[in-house]
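Participant: Kindly return the folded structure for what I paste below:
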Amino acid sequence: MVLSKSSENILPTVSEINACPNILSQPDGAAKVVKISNRFAVKFGKGVSISEADNMQFISTNTKVPVPKVFDAFTDAETNMTYIVMEFIQGVTLQTLWPTLTVKERSNITVKVRDAIIELRKTTPPDYLGGIGQKPYNDSVFWTPDNNPAISGPFANQPAMNKGIIERLRQNESRQYVQFMQEMVNRIFHGHRSTLTHGDLQPKNIIVSRTGTHEDGSGEFAIKLIDWEIAGWYPEHWEYCSSTVACRWKPDWLEAVTQILDPYRTEYLLMQAIYSTVYY
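Facilitator: Numbering: from 1, shown residues only. The predicted structure is shown next:
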């Protein structure tokens, strides 16, 4: 389906995309991202979902959060690979740029990221917890091969979501451990408001472009947030917890997160236990 198109933006063909040598993604990534001319960035692969394009379109339509424009999204019937054709953003990831920045420049960028998250969370939530458009969650905590609604959602409320988390743990863990975790999950994951959440807020998913220079020589920057496949309606603590996964290996990012997101330290400790069970 074509989401946005003009006579100046003739979309690349599947053959052009597959043959493109200008690779932007990491070689070990689950999806491949290529740059075609200076106009398009295309994300594609069997693990790519149309839902990511839908999420970006929803964010673009309903908020002022800076996201790339999506021109088209489709699945090739012959290869079962999904393609998302977006505008190419001139810039680099915050992960690459961060070591080169001054304290003032880092502050300049973190304020912009915080403003984007505040804007995202202003969106009025629906009466469920789950993916955008009342879809199942795409977060690994809720993963099932068939999107089992008891585990993957969507959920009517936070207690139902808690049951989903416990059922996910029950797939691989002992009865005693699940009971131990269930008591904590129900006690700690309680009474949170629902917020629109990126779900994978990491330096690699923030594109930064330099837009000017101040009198003192420091840069002025613009940002765009990418990789929206996990986005959805989550309890308010989720963004903080998901953005700090494995943070002990990313101390600079951990410092930045404290300026971007309000902390949920108790929830973080429990989420770390859940992540360690699900991921490892």
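Participant: Okay, now the unreliable bits of the chain?
Facilitator: Residues of the chain meeting the criterion pLDDT under 70: 1-9, 28, 246.
Participant: What separation do you get for the residue positioned nearest the centre of it and Gln171?
Facilitator: In the chain, the residue lying closest to the centroid (CA atoms, centre = their mean) is Asp200, at 3.5 Å. Here the distance between Asp200 and Gln171 works out to 23 Å (CB to CB, to the nearest Å). The C-beta positions use only the backbone N, C-alpha and C, and glycine is treated the same way.
Participant: ditto for Ala41
Facilitator: Taking CB to CB, one finds Ala41 at 36 Å from Gln171.
Participant: More neighbours: which of the two?
Facilitator: Neighbours were counted for Ala41 and for Gln171 using other CB atoms under 10 Å; Ala41 has more, 21 against 12.
Participant: my read is that one is in a strand, agree?
Facilitator: Yes. Per DSSP: H, G, I helix; E, B strand; the rest coil, Ala41 lies within a strand segment.
Participant: Identify the spatial nearest neighbour of it, chain neighbours not counted.
Facilitator: Phe88 (4.4 Å; CB to CB, 6 or more residues apart in numbering).
Participant: burial count for that neighbour?
Facilitator: Neighbours of Phe88 (other CB under 10 Å): 18.
Participant: what about it, distance to Asn22?
Facilitator: From Phe88 to Asn22 the distance is 10 Å (CB to CB).
Participant: any common contacting residues for these two?
Facilitator: Lys35, Ile36 (CB atoms under 8 Å, 6 or more residues apart in numbering).
Participant: Got the phi and psi for Val278?
Facilitator: phi -70, psi -40 (degrees, to the nearest 10).
Participant: Need phi/psi at Phe71.
Facilitator: phi -90, psi -40.
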